[in-house]
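S.K.: make a model of this:
(one chain, ligands or ions: 1)
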Amino acid sequence: MSLSLSGVTAEMISRYATAAPRYTSYPTAVDWLNQADLGNYDQRLARAGREGGPISVYVHLPFCEHLCLFCGCNVHITHNRTKSAHYLDVLLREIEAVGRTGLGVRPLTQLHYGGGTPTFFSADELTRLSQAIFAVFKPEPGAEIGLEVDPRVTTEAQIRALASLGFHRLSLGVQDFDPQVQAAINRIQSVEETRRVVDVGRACGFRSVNIDLIYGLPYQTQEGFQRTMDEVLQMRPERVALFHYAHVPWLKKHQTALEVGMAPDPLLKLRIFVDALHRFVDAGYDYLGLDHFALPEDEMAKARRMGTLKRNFMGYGTRANAEMLGLGVSAIGEIDGAFWQNDPTLEGYERRVLEGGFAVHKCHELEGDDELRRSVIMGLMCQGELAKSAIERRFGIRFDGTFATELAELAHLAKDGLVELHPDRILVTDLGQLFLRNVAVVFDRYYRARLAATGAPKSTFSRTL
Ligand code: SF4
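M.R.: Purely as a prediction, here's the structure:
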């Protein structure tokens, strides 16, 4: 894959630099309608248990010792281990409540700990948590068991304990190794401590390492990011996520302290991304779309080649078509045909669980039109190509008739070289991969309705460029 930005003008960038979802779900959480009965959550879990099929479990562990200024996660900054110990007790109560519904008869195909910093918890605490989960859910052969770690606080004892529990996927936050960038984002992390965690993880049997990077941060330059790339490529992670920095200070107040005036402009950001893309591809990585790369033998790269790559609340994945249970503060799941989210505040989450076992505070029953548009959006996001006949067969529609407005809009993107519109399919071009969210948003009914009503996209979304 070779990408040139020679045809990308400042005028074109200003047209496409808009606020849009990243589509880890459709509809996105801001558009959920709360039609499902939150009080029936236990019955919905019980019904999902009777339906069978594999299930993914995501556990949110929100604690960190220091705040990174770019952070967009649901995070709780503290050094107080009493708080995290209490949270763990509450989480175990939520897991017990799930166990009582019978959902655990379904085989576990994926378990992921995200945060926050999961390794804020000690090896013993992580062991207690994992044993509680495995007491309810039995991993199927080949299940993906992984977690996010912050190399600055992760010890060898934790990695060994996790490996002995069956964890084999490690995802490390790096963002950028440039000292000036690290100072600006309040995250000082050396190459050596990062490499140490990668090496210890591999020595303990972790088969897959992912590294998260971010472009669009203050003081980033093409040259500086090349040096970060040199270090990352030497570690040869199986997967890399190169995220576009999401600046949403109206949601994450601490981001106001970030010197966004020193961040690269949209064209320079694209250059940094395209430089990195070429480096990864030259080093043998497959580009999976949007912000993900993987070595060809990795499951995700294989899934992309076979057209089975999926996307859910955890981003791209190979198990994302399985239903998903979210545990912990703010965790999101998809169970029994509906999306569910736990209370996003620590106090609210703990109070709800202690009162009733569960903490769901928001939901959305998926409707027929949601399912249709989700298939279209996820097809574009995950495969970069959409066969109209597959959608027509599955949903009993005539694609060109149902999506006449959307196709007319896509014709403008086709003129800019971002998509190709064929009679039987829509193809996202290589250049269009850089504007993937702009392509997908065309099919978002909720986004379109809000634009028509207010003339502006929802301010909760980050900018596409
Ligand atoms: S370590 Fe991760 S979750 Fe914690 S503050 Fe930094 S970016 Fe946010």
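S.K.: tell me how many other residues surround Leu386.
M.R.: Counted with other Cβ atoms under 10 Å, residues neighbouring Leu386 total 21. In short, each C-beta sits where N, CA and C put it, glycine included.
S.K.: show me what contacts it?
M.R.: 376, 379-380, 425-426 (Cβ atoms under 8 Å, 6 or more residues apart in numbering).
S.K.: over to it. Which of the three states is it?
M.R.: Assigned with DSSP: H, G, I helix; E, B strand; the rest coil, Leu386 falls in the strand class.
S.K.: next one: the one 4 residues further on
M.R.: Put simply, Ala390 is helix when judged by three-state DSSP.
S.K.: now it: closest residue in space, sequence neighbours ignored.
M.R.: For Ala390, ignoring the flanking residues on the chain, the nearest one in space by Cβ to Cβ, 6 or more residues apart in numbering is Gly379 at 7.9 Å.
S.K.: mind listing what Ala184 touches?
M.R.: By Cβ under 8 Å, 6+ apart, Ala184 lies in contact with 69, 217-219, 258-259, 262.
S.K.: hmm, try it at 10 Å
M.R.: 69-70, 176, 178, 217-220, 257-260, 262-263 (Cβ atoms under 10 Å, 6 or more residues apart in numbering).
S.K.: out of those, who has the most neighbours?
M.R.: Greatest neighbour count in those, by other Cβ under 10 Å, goes to Leu217: 28 neighbours.
S.K.: can I take it that that one is in a helix?
M.R.: No. Read with three-state DSSP, Leu217 is coil and lies in no helix.
S.K.: make sure Leu288 is actually in contact with Leu436.
M.R.: No. In this structure, Leu288 is not within contact of Leu436 by Cβ atoms under 10 Å, at 11.1 Å.
S.K.: joint contacts of the two?
M.R.: With Cβ under 10 Å, 6+ apart as the test, Leu288 and Leu436 both reach Gly384.
S.K.: what's the neighbour count on the residue nearest to Ala390?
M.R.: Gly379, neighbours per other Cβ under 10 Å, totals 21.
S.K.: which positions in the helix or strand containing it come out as buried?
M.R.: Assigned by DSSP states H and E, Gly379 belongs to helix 368-383. Neighbour-count burial for helix 368-383 flags 370, 372-383 (criterion: 16 or more other Cβ atoms under 10 Å).
S.K.: let me have these in JSON lines, adding pLDDT and distance to the ligand as columns.
M.R.: Shown next, in JSON lines, are the buried residues of helix 368-383 (pLDDT from 0 to 100; distance: Cβ to the nearest ligand atom, whole Å):
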{"residue": "Asp370", "pLDDT": "96", "distance to the ligand": "30"}
{"residue": "Leu372", "pLDDT": "97", "distance to the ligand": "35"}
{"residue": "Arg373", "pLDDT": "97", "distance to the ligand": "31"}
{"residue": "Arg374", "pLDDT": "95", "distance to the ligand": "28"}
{"residue": "Ser375", "pLDDT": "95", "distance to the ligand": "32"}
{"residue": "Val376", "pLDDT": "97", "distance to the ligand": "32"}
{"residue": "Ile377", "pLDDT": "96", "distance to the ligand": "27"}
{"residue": "Met378", "pLDDT": "92", "distance to the ligand": "26"}
{"residue": "Gly379", "pLDDT": "92", "distance to the ligand": "31"}
{"residue": "Leu380", "pLDDT": "94", "distance to the ligand": "28"}
{"residue": "Met381", "pLDDT": "92", "distance to the ligand": "24"}
{"residue": "Cys382", "pLDDT": "90", "distance to the ligand": "25"}
{"residue": "Gln383", "pLDDT": "90", "distance to the ligand": "30"}
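S.K.: next one: Ala320, what pLDDT does it get?
M.R.: Note for Ala320: predicted pLDDT of 65.
S.K.: ugh, typo on my part, it should be Ser459
M.R.: pLDDT, Ser459: 59.
S.K.: could you measure from His86 over to Thr78?
M.R.: Between His86 and Thr78 the computed distance is 11 Å (Cβ to Cβ, to the nearest Å).
S.K.: intersection of neighbour lists for the two?
M.R.: Here His86 and Thr78 share the contacting residues Leu346, scored by Cβ under 10 Å, 6+ apart.
S.K.: check which helix or strand covers Gly146.
M.R.: Assigning secondary structure by DSSP H and E places Gly146 in strand 139-149.
S.K.: so what does that strand touch, helix or strand wise?
M.R.: Here strand 139-149 touches strand 55-61, strand 108-115, helix 123-136, helix 156-164, strand 169-175, strand 208-215, going by 3 or more Cβ pairs under 10 Å, 6 or more residues apart in numbering; DSSP states H and E.
S.K.: same list (the ones you listed) but as a markdown table, adding distance to the ligand and mean neighbour count.
M.R.: Shown next, in a markdown table, are these (distance: least, Cβ to the nearest ligand atom, whole Å; neighbours: other Cβ atoms under 10 Å):
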| stretch | distance to the ligand | mean neighbour count |
| --- | --- | --- |
| strand 55-61 | 10 | 25 |
| strand 108-115 | 5 | 24 |
| helix 123-136 | 16 | 18 |
| helix 156-164 | 15 | 18 |
| strand 169-175 | 5 | 22 |
| strand 208-215 | 9 | 22 |
